[in-house]
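Peer 1: The amino acid sequence is not available; the structure is as follows:
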């Protein structure tokens, strides 16, 4: 089926010029007003037919006035949406002041997906180093993930649909169900929090929002666990969680600046959970501590690890036997002095999960690169071939079609132009953010006839993790791989949603994980 579609597409591309018309140009042959409607559907403000009968679309495809109207509506209902409005305003002002890339001037419509496909082909592939003995690592982080998801799912059960007066009773019931499933007492879950408790205290603004989390004391294995859960979307979305994700501008945090939403979430966890965590550490002085978070919770876990190393909480800790696991976590921190590298922070990514590269800077860079490619005014048939063949050696069919469709060396020249364009985008207004973990582990599930396997790639230190935080790695499965069900599938057969001992952690890593120690990279 795919081959048939490609042959039909390429067949249309080599038709005589009189028949090789875009939909807009075809409308120009029928009715003058059809071009204007065509351009409106494509997102342009207007369009008109040229003397040659070509449909020329005008203005940028983004209708900022529509976005502004939506933000104004949302801001009237929730003042926190003003944060997003301010971010978009800052982006526009920066582009007007520093932007050097203009959109295409030939009026030809170039689909964003086609431009993205070309950019994907032009993106360098991240090199990796296979980790020997990854079975123990996979089992350990698999168990921690499955436990994190089970506790989070049960903790949030029926919370989103409950009335304010019912929250505490439902939360207490859910706490009992978690204890039942783990075969522990409810006293072994000394703290459980859902964001609705903030509303009960009239703390409904995003800057005072605290993400859902829970503390479990596992006396059998002598482990204290702090779970910080990801953005709540199903079954009832949490607007404050979503706003916390989107608040990607930076604000001061300890020795540098960090993702504003993650800073607010970290401050909430420091206020609500850390005092109880320290209390339980003092009561159980020989217990190890595991802090695990996913997505939003993973970003908060990163900043919390920095707080426990450099912040006021560090002097309150009875020991530093703490390990932090951040699943599907974005880059969160930057500094003009140095970027901390936390040795006891391990970050885990499922395959091509895009979240490891998501920051306000990398998103604006992506948009700038798309506009840069569009401004080259490359023919759509050239863009299509670049997207499909990746500049490699043509086969027999493509070689024949290329002679009919393209000028000599047209594709090679196009690749040169694209590389130059995407390498010289304007400087972004927001700083690049970085990961804080010493170890960044990428896991890929490989189905086997006998047993499934997880291929583990290890990236170490600032130079290793920067491969992920410096730009968005485009991939067809980048959104799917971030979803919790994708992580569930990856860890299927690796570990179980039960309490496990900590001793496996040091064995599974190459070399010893030095709890509480750190390195610094002057950047």
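Peer 2: Sure thing, it's come through. Only a predicted model underlies this, so the values are computations on that prediction, with no experimental measurement involved.
Peer 1: and the gap between the nearest residue to residue 255 once chain neighbours are set aside and residue 431?
Peer 2: Spatial nearest neighbour of residue 255, excluding adjacent residues (C-beta to C-beta, 6 or more residues apart in numbering): residue 335 at 5.5 Å. The C-beta positions use only the backbone N, C-alpha and C, and glycine is treated the same way. Distance of residue 335 to residue 431, computed by C-beta to C-beta, to the nearest Å: 9 Å.
Peer 1: got it, and residue 46?
Peer 2: 37 Å.
Peer 1: now residue 418
Peer 2: For residue 418 relative to residue 431 (C-beta to C-beta), the value is 26 Å.
Peer 1: Which one of these two is surrounded by more residues?
Peer 2: Ranked by neighbour count (other C-beta atoms under 10 Å), residue 418 and residue 431 place residue 418 first, with 23 against 17.
Peer 1: Rounded mean pLDDT for the helix or strand where the more buried one lies, please.
Peer 2: For residue 418, the host element (DSSP states H and E) is helix 410-423. The pLDDT scores in helix 410-423 average 89.
Peer 1: Contacts for it next, please.
Peer 2: 101, 118-119, 122, 369, 372-373, 375-376, 378, 382-383, 385-386, 391, 402 (C-beta atoms under 8 Å, 6 or more residues apart in numbering).
Peer 1: Ramachandran angles for residue 329?
Peer 2: phi -100, psi 140 (degrees, to the nearest 10).
Peer 1: what's the answer for residue 219, then?
Peer 2: According to degrees, to the nearest 10, residue 219 has phi -70, psi -30.
Peer 1: so what's it closest to, chain neighbours aside?
Peer 2: residue 188 (6.7 Å).
Peer 1: Could you say which helix or strand holds residue 225?
Peer 2: Residue 225 belongs to strand 223-228, assigned by DSSP H and E.
Peer 1: hmm, back to that, got any residues that touch both of residue 335 and residue 431?
Peer 2: Shared contacts of residue 335 and residue 431, counting by C-beta under 8 Å, 6+ apart, come down to residue 257.
Peer 1: wait, residue 466 sits on residue 436?
Peer 2: No - counting by C-beta atoms under 8 Å, residue 436 is not a contact partner of residue 466; they are 11.8 Å apart.
Peer 1: Neighbour count for these two, which is higher?
Peer 2: residue 436 (28 against 19).
Peer 1: pLDDT wise, what is that one at?
Peer 2: pLDDT at residue 436 comes out at 95.
Peer 1: wait, isn't it in contact with residue 338?
Peer 2: No - contact criterion C-beta under 8 Å: residue 436 and residue 338 do not qualify, at 11.7 Å.
Peer 1: and the residue nearest to residue 255, how many neighbours does it have?
Peer 2: 19.
Peer 1: next one: residue 162
Peer 2: 17.
Peer 1: Please identify the helix or strand for it.
Peer 2: Using DSSP H and E, no helix or strand contains residue 162.
Peer 1: that older thread, can you tell me which of the contacts of helix 410-423 is nearest residue 205?
Peer 2: residue 369 (34.9 Å; C-beta to C-beta).
Peer 1: which residues does the closest one contact?
Peer 2: 119, 421-422, 425.
Peer 1: Just send the residues you listed back as TSV, with distance to residue 178 and neighbour count too.
Peer 2: TSV is the format used below for the contacts of residue 369 (distance: C-beta to C-beta, whole Å; neighbours: other C-beta atoms under 10 Å):
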residue	distance to residue 178	neighbour count
119	44	21
421	53	21
422	48	20
425	48	19
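Peer 1: possible to save the residues you listed as TSV with distance to residue 270?
Peer 2: As requested, the contacts of residue 369 are exported to TSV (distance: C-beta to C-beta, whole Å):
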residue	distance to residue 270
119	39
421	44
422	40
425	37
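Peer 1: any idea which of the residues you listed is closest to residue 484?
Peer 2: residue 119 (27.6 Å).
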